[in-house]
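In: starting from these lines, generate the structure:
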Amino acid sequence: RQGKHTKLRSLINDEDFKNECQVWLCQQTPESCSPTNLKKYIEETVFPKLTGHIKKETISEKTCRNYMHFWGYRYDEKKKGVYYDGHEWPDVVEYRKEWLKRMFEYKKSMKDFDGDILDVILEPQLNPEEKEIVQVIHDECHFYANDGQQKIWMKKDEDILRSKHIGRSIMVSAFLCPCHGLLQLTDEQLQVNPHIEHKEAVVLRSIQSDGYWKSEHMLDQLVHQAIPIFEILHPGCTGVFCFDQSTNHNAMAGDALVATKMNLSPEGKQPKMRDGWYINENGKKCNQKVLNKFLKNTTSGQQKKFA
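Out: Here you go, the predicted model:
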């Protein structure tokens, strides 16, 4: 069509058009982010907004596909990989710098390992009042019943169907240190310390029979398994327990002051939060009750017990 390439170049170079489309693409779910939906959005929203009218023939799906490639999108298969979106945000970069600074300070008081098989132990140079620091890593992994071998040897006329369902699952939560591997006691250590309930800091949990793994379960494992075993394996040492970034590990206390949990009105189920505080006009710290004993029912005029 005459003038097709000229129009393409002008639209790509138009900042208003580019911004409108890219903002819309960023707001879409992965499934709805497609050239077909982009074409519809451009025809029904962008062109009327920029030109004031709708043309009968506007833009092709092939052109929208070219736009998406030009703006850095690619058509690829969804697969497991490293999630890196947001890793370079300013607050994330600043957090990494502070985290690395702390870890390098801790490393000065930690043992180091050298040699081809890391069998050479380099003791830290500690002052008399300093304690050795041991890093403990927490890790979780999920296993499914149908996670088995993907490729097998078969006869030419043989066809073995693989189950479409992932099957039953087992979640493994464990604590590890560089010198012992898995935090676990020997039978002799367990006999000498009868107050220890668990021999190793490992939890096996099935979603189907035990339910989902929540933050309170992880805290229970930390308090009743990992820390008691650590104190026996590393007497007189300080443990630095490291957890990866996840919503489960970043969970707040049940009575934390979270504004998004609060209702706009007294009606309905209200969260039970601990008391807060504020600084009054005299510069003194004052406690602030978040919960009242009774709240007035605005519909019936009666008072109902709240907390």
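
In: walk me through the domains of the protein.
Out: Domains of the chain are assigned by automatic domain parsing as 4-70, 90-145+167-242, 264-305.

In: for the ones you listed, which one sits closest to Asp255?
Out: domain 264-305 (4.3 Å; CB to CB). In short, each C-beta sits where N, CA and C put it, glycine included.

In: tell me where the model's unsure across the stretch 101-250 of the chain.
Out: The stretch 101-250 of the chain contains residues with pLDDT under 70 at 149, 152, 154-155, 158.

In: where exactly do the strands run in the stretch 201-307 of the chain?
Out: For the stretch 201-307 of the chain, the strands defined by DSSP state E, counting those that start in this stretch occupy 202-205, 238-242, 276-279, 285-288, 294-296, 303-305.

In: relative to Thr260, which of those is closest?
Out: Among the strands of the stretch 201-307 of the chain, strand 276-279 sits nearest to Thr260 (CB to CB), with 15.2 Å.

In: and the residue nearest to Ala256 when sequence neighbours are not counted, how many neighbours does it have?
Out: Of all residues not flanking Ala256 in the chain, Met273 sits nearest, at 7.0 Å (CB to CB, 6 or more residues apart in numbering). Using other CB atoms under 10 Å, Met273 has 19 other residues around it.

In: and Met273, what does it touch?
Out: With CB atoms under 8 Å, 6 or more residues apart in numbering as the criterion, the residues that contact Met273 are Asp255, Ala256, Leu257, Val258, Lys261, Met262, Val290, Leu291.

In: out of these, who's nearest Ile279?
Out: Ranked by distance to Ile279 (CB to CB), the contacts of Met273 are led by Leu257 at 15.7 Å.

In: from Asp275, how far out is that closest one?
Out: Plainly put, Leu257 is 9 Å away from Asp275 if you go by CB to CB, to the nearest Å.

In: swap in Arg102?
Out: With distances taken as CB to CB, Arg102 is found 32 Å from Asp275.

In: cool, Pro90 as well?
Out: Distance, Pro90 to Asp275, by CB to CB: 34 Å.

In: okay, the two: which has more neighbours?
Out: Higher neighbour count among Pro90 and Asp275: Asp275, with 11 against 7, using other CB under 10 Å.

In: just to revisit the earlier point, for Cys179, find the nearest of the strands of the stretch 201-307 of the chain.
Out: Shortest distance between Cys179 and the strands of the stretch 201-307 of the chain, using CB to CB, is found for strand 238-242: 12.0 Å.

In: parallel or antiparallel, which strands does the closest one pair with?
Out: Using DSSP bridges, the strands paired with strand 238-242 in its sheet are strand 133-144 (parallel).

In: residues contacting the partner strand, please?
Out: With contacts defined as CB under 8 Å, 6+ apart, strand 133-144 is touched by 106, 109-111, 124, 166-179, 183, 213, 218, 222, 226, 230, 234, 237-244.

In: can you check stretch 148-164 too?
Out: With contacts defined as CB under 8 Å, 6+ apart, stretch 148-164 is touched by Asn146.

In: export the contacts of Met273 as TSV, with columns for distance to Asn19 and pLDDT.
Out: Converted to TSV, the contacts of Met273 look like this (distance: CB to CB, whole Å; pLDDT from 0 to 100):
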residue	distance to Asn19	pLDDT
Asp255	44	82
Ala256	38	84
Leu257	38	84
Val258	34	81
Lys261	35	78
Met262	36	76
Val290	43	74
Leu291	46	69
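
In: put the buried members of these into a ChimeraX selection.
Out: Selecting only the buried entries of the contacts of Met273 in ChimeraX, with 16 or more other CB atoms under 10 Å as the criterion:
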select :257,290
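
In: follow-up on the earlier one: narrow the contacts of strand 133-144 to those in helices?
Out: With helices defined by DSSP state H, the entries of the contacts of strand 133-144 inside them are Tyr106, Met218, Phe230.

In: I'd like to know how many residues surround the residue nearest to Gly167 when sequence neighbours are not counted.
Out: In space, Gly167 comes closest to Ala145 once its chain neighbours are excluded; the distance is 2.8 Å by CB to CB, 6+ apart. Other residues within reach of Ala145, judged by other CB under 10 Å, total 12.

In: go ahead and confirm Ala145 touches Ser206.
Out: No - judged on CB atoms under 8 Å, Ala145 makes no contact with Ser206 at a distance of 10.3 Å.

In: what touches both of those two?
Out: Arg168, Ser169.

In: what's the closest non-adjacent residue to Arg274?
Out: Counting by CB to CB, 6+ apart, the residue nearest Arg274 is Asp255, at 4.3 Å.
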